[in-house]
Structure formats: structure tokens, C-alpha cells
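Peer 1: need coordinates for the following:
(2 chains)
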Amino acid sequence: MEALTQIKSRLELAVPGIRVELIPNPSPSQQLSLWVSTEHAVAAARFLRDDPQLQLDFASNVTGVDWPDLVVRETVLVTQPLDGVPTEFETVRETIRPGYLEVVYHLYSMALKHGPVILRLRTANRTDQTHLPSLTPIYRSAEFQEREVYDLFGVVFDGHPDLRRLLLWPEFADYPMRKDYVEPDDYEYEPTPHGAVLERARPHYSKEAHHG
Amino acid sequence: MEHRNEEDRPGVVLTQAQACIEWAYNWGRKNSVWPLGFGLACCAIEMIGASMARFDLARFGMEVFRPSPRQADLMIVAGTVTKKIAPLVVRLYNQMPEPKYVLAMGACAISGGPFKQGYNVLKGIDRYLPVDVHVPGCPPRPEALIHGLMQLQKIIAAQKLTGPNRPRFLKAEVSGEYPVPQYGPHDLEPGYTAEYWQPPKLAPLE
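Peer 2: Just a heads-up that it's a prediction; the model follows:
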């Protein structure tokens, strides 16, 4: 399979107006992935599927990632007057990178036996702009997996033929795989609570101070 | 007559006749317990294994797994009861005719098992249903399930036909239907049927 940088440049030629970025992966596998702009995602997926050199005809896996707001700390030099003399100070500047929801597609080629090419789509934020284009019209196998991402992360896929909750019931209001999901507080007796369970247990034990 | 109890039955002839009927009635019932053929997770595979030739539940008259709750006597809750399936399990139980029994098979059906701290798994089916026999294991081997079923046979054999201790299905005023929980926005509502089950009391941590 050709290099991802080459796929990126061909994608930019094939889909006018698209923005593509290579997302580095700090893990030992060093597996790069492609971020594509939301409005051109369907065209990009169609290109990846129909291009004769790629023929990525199989979406093996669709998954979601929740990126909460991240405080980025960086040390910068600031010039300030000290006793009338401009002096450089090192200060820590904190910027907040707004969070977003991400959907990751792993695309393989059954025809040419290569892959994966990893495609990432990101929403504008985590609260009200959580819409992404559905790739189910391109990859039929994405249908249930996009429903699962909708169910657990709350990403709304525009153009999905049947976007309903997959695992939880329709009346369920939360998105359990988000980092800020609050579980129902239904702790019950555990013989040896430890770790995170012990922390959940503590208020219950002090509240109901029964003996025996 | 091994089940005869002279103290609460003064009439000797009547006692013997009644004990005979009771024994024969219970003997017939306990040797034809037909389970409801449904499984929720991996325990169901062991349940299927127990019913097949090697372990052979037919020796106990229990090989007839019924596909319809209307024809079943025993509900084997075999596997993880997620909160989504829990109302349907209770509804299936309500559709079974009396006398009916519940066997909780495996750690998940008893307490939630390895998924107890999850948001989506019921912490034991006895929050909504009256469980007669608990069979622990993850999953229990077919021998354990057979042992649980033999315990159920003992329970059935010991049931009285008259008197205040007679089972629920002989009391006309007691309903065999249990409340079906509703899907709520965050959890099942209610989390348990408080009339029949309460969470264990917690001793304070040291």
C-alpha cells in the first residue's frame, strides 16, 4: 500500500476543498491516521473506496473517542520591564484546547489485501455541535457501529438510514462512554471493596452506619 | 409416610390420606419440571450442555425445554441480566402459569458477578423475582446445575397442600405476578422491588 502522505496528497487532488491532516500516534506502533474535514468526509470515503490503487472496500471497525477539554501548559518567554530595564521572564501559559468527539474508521481492502487506513472525523465540540456525516452510504458495515457510537458517545450521524440507540433503551438520556458520564449511584455491599469501588463505597458506608 | 407430622394433623386416617395425596402430587410435579428454554449469556451454553446426552437432564424429567412461558414451570435465569433485558425477564415470569419456580444460574444472575459495578447490568435477578435456588459459578458446570435442580426437587417435595405454610400458588389471594420495572432516563425504575427485596445493610468501614 502506498504511504499515507501520498494518499493525503492524492486525496487533496481528488476532493477539491478538502482539508486533510496526518495525525501522529505516540504509541510504539507509530500508526498514522488521516483526519479529514467533516464536510468532505463522504467524498473522501468514496474516493478511498473507489480509487483503483486503494480499493478500501471494507470498514472493519468504527469506534468513538471522547476528548474532554484539555489544559495545555507551555513555558514561554515574556519581556517585562524590571527596574526600568526590559527583562525576559519565563512564565507558564495555560490555554484550554476545547474538547471534541472523534470517530475512527479502520478501512481495509479485501480486493488488494492491504490496510488499514485509519480515518478520523471530529465534531466541533462535545455539547451542541456533535453532528458528523454518516459513512454508512459508503460502507454498509458501518451501520450498526455508527449506531453504537451514537448510543454510547452521542455523535449524531447525518445521513444514517436508521439512527437509533443500539444497546441501551430509547428512553436513556446519557452517553455512558463519555468521560463526564455520571453512573447511577447504586452501590451495594461488596465483600472486599478496593480501589475505585472503595471510593464509591465510602459515602454509602458513612451514610448508613448500621451495625451487623 | 415420611412427611407425616402428627402434631398439626390430629385425624390419623385423614392425615394418611392427605399425606399420600401430597406425596404423590409432589412426586409427580418434581419429576416433570419443564424449564423455560431461554438463555442470556454463556451460562446458557452450560445449561444446554446439561440437557444433552452426556449429563442428560431427562433423568430428572427436566429435558423438555419449553419455548413458551405458558408451558414452563421453571425459569432458569442463565446469564448476565442487563438492565435492558430485565423488564422482559420479569414479564416472561409473569406469563408463566403457577406453580412456577426461579433458578438463578451463575454469578451474574445472582449478584451481577464481574459486571456488578457496571452501569448497565442488574445486580442480581432477585431484585425483581423470587429466586428459589441460587447456583453459583462462572459459569456453573452442568453438575452444579443438576445439583441445583435436585435442590429444587427437594423444595417441591417438601411443599404442603394445606395450612398456612402452603406455597404461594395455593393461596388464592396472593398474586404470582411481580412488578415489571420501567426504563428510566438513567436507570431502571425502581432499582428493585422494595416489597420483596432490600439491599444488604452496610456496616461502617473501619
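
Peer 1: can you give me the helices in chain B?
Peer 2: Taking DSSP state H to define them, one finds helices in chain B at B:12-30, B:43-51, B:86-95, B:106-111, B:142-157.

Peer 1: mean pLDDT for these: which is lowest?
Peer 2: Sorting those by mean pLDDT places helix B:12-30 lowest, at a mean of 82.

Peer 1: identify each buried residue in it, please.
Peer 2: B:T15, B:Q18, B:A19, B:E22, B:N26, B:R29, B:K30 (16 or more other C-beta atoms under 10 Å in any protein chain shown). All C-beta atoms are positioned from the backbone trio N, CA, C, and that covers glycine.

Peer 1: is it true that the second one touches B:T162?
Peer 2: Same thing as B:Q18. Yes. The criterion here is C-beta atoms under 8 Å, and B:Q18 meets it with B:T162 at 7.2 Å.

Peer 1: now the buried residues of helix B:12-30 as a markdown table including distance to B:G106?
Peer 2: Formatted as a markdown table, these follow (distance: C-beta to C-beta, whole Å):
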| residue | distance to B:G106 |
| --- | --- |
| B:T15 | 42 |
| B:Q18 | 39 |
| B:A19 | 37 |
| B:E22 | 33 |
| B:N26 | 28 |
| B:R29 | 25 |
| B:K30 | 23 |
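
Peer 1: if we can go back for a sec, of the helices of chain B, which is nearest A:E39?
Peer 2: helix B:86-95 (41.9 Å; C-beta to C-beta).

Peer 1: sorry, back to before: restrict the buried residues of helix B:12-30 to those near chain A?
Peer 2: Residues of those in contact with chain A (C-beta under 8 Å from any C-beta of the partner chain): none.

Peer 1: now the strands for chain B?
Peer 2: Secondary structure of chain B by DSSP state E: the strands cover B:74-78, B:101-105, B:133-135, B:182-183, B:188-189.

Peer 1: list of residues touching the first one?
Peer 2: Read it as strand B:74-78. Residues from elsewhere that reach strand B:74-78 (C-beta atoms under 8 Å, 6 or more residues apart in numbering or on different chains): B:33-36, B:38-41, B:43-44, B:46-47, B:62, B:69, B:89, B:92-93, B:96, B:100-106, B:109, B:125, B:129, B:131, B:139, B:145, B:152.

Peer 1: what's A:S9 sitting at in phi/psi?
Peer 2: The phi/psi pair for A:S9 (degrees, to the nearest 10) reads phi -70, psi -40.

Peer 1: looks like B:K30 contacts B:Q159 (just checking).
Peer 2: No. If you go by C-beta under 8 Å, B:K30 and B:Q159 don't touch, sitting 9.1 Å apart.

Peer 1: ok so, going back, can you lay out the strands of chain B as JSON lines showing distance to A:L152 and mean pLDDT?
Peer 2: Shown next, in JSON lines, are the strands of chain B (distance: least, C-beta to C-beta, whole Å; pLDDT from 0 to 100):
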{"stretch": "strand B:74-78", "distance to A:L152": "26", "mean pLDDT": "93"}
{"stretch": "strand B:101-105", "distance to A:L152": "28", "mean pLDDT": "94"}
{"stretch": "strand B:133-135", "distance to A:L152": "32", "mean pLDDT": "94"}
{"stretch": "strand B:182-183", "distance to A:L152": "17", "mean pLDDT": "93"}
{"stretch": "strand B:188-189", "distance to A:L152": "18", "mean pLDDT": "88"}
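
Peer 1: which of those is buried the deepest?
Peer 2: strand B:74-78 (a mean of 27; mean count of other C-beta atoms under 10 Å in any protein chain shown).

Peer 1: and that one, how far out from the chain's middle?
Peer 2: With C-alpha atoms, centre = their mean, to the nearest Å as the basis, strand B:74-78 stands 6 Å off its chain's centre.

Peer 1: burial count for B:M150?
Peer 2: Burial of B:M150 is recorded as 13 neighbouring residues (other C-beta atoms under 10 Å in any protein chain shown).

Peer 1: my error: substitute A:V15 in the last question.
Peer 2: A:V15 has 19 nearby residues by other C-beta under 10 Å.

Peer 1: next, give phi and psi for it.
Peer 2: Per-residue torsions, A:V15: phi -110, psi 100 (degrees, to the nearest 10).

Peer 1: which element is the residue lying closest to it once chain neighbours are set aside on?
Peer 2: Of all residues not flanking A:V15 in the chain, A:A43 sits nearest, at 4.7 Å (C-beta to C-beta, 6 or more residues apart in numbering or on different chains). Assigned by DSSP states H and E, A:A43 belongs to helix A:41-50.

Peer 1: mind listing what's buried along that helix?
Peer 2: A:A41, A:V42, A:A43, A:A44, A:A45, A:R46, A:F47, A:L48, A:R49.

Peer 1: quick one: average confidence on it?
Peer 2: Here the average pLDDT along helix A:41-50 is 93.

Peer 1: show me how far that helix is from its chain's centre.
Peer 2: Chain-centre distance of helix A:41-50: 20 Å, with C-alpha atoms, centre = their mean.

Peer 1: got a list of contacts for it?
Peer 2: Under C-beta under 8 Å, 6+ apart, the answer for helix A:41-50 is A:7, A:11, A:14-15, A:18, A:20, A:36, A:54-57, A:105, A:107, A:117, A:119, A:121, A:132-133, A:135, A:137-139, A:159.
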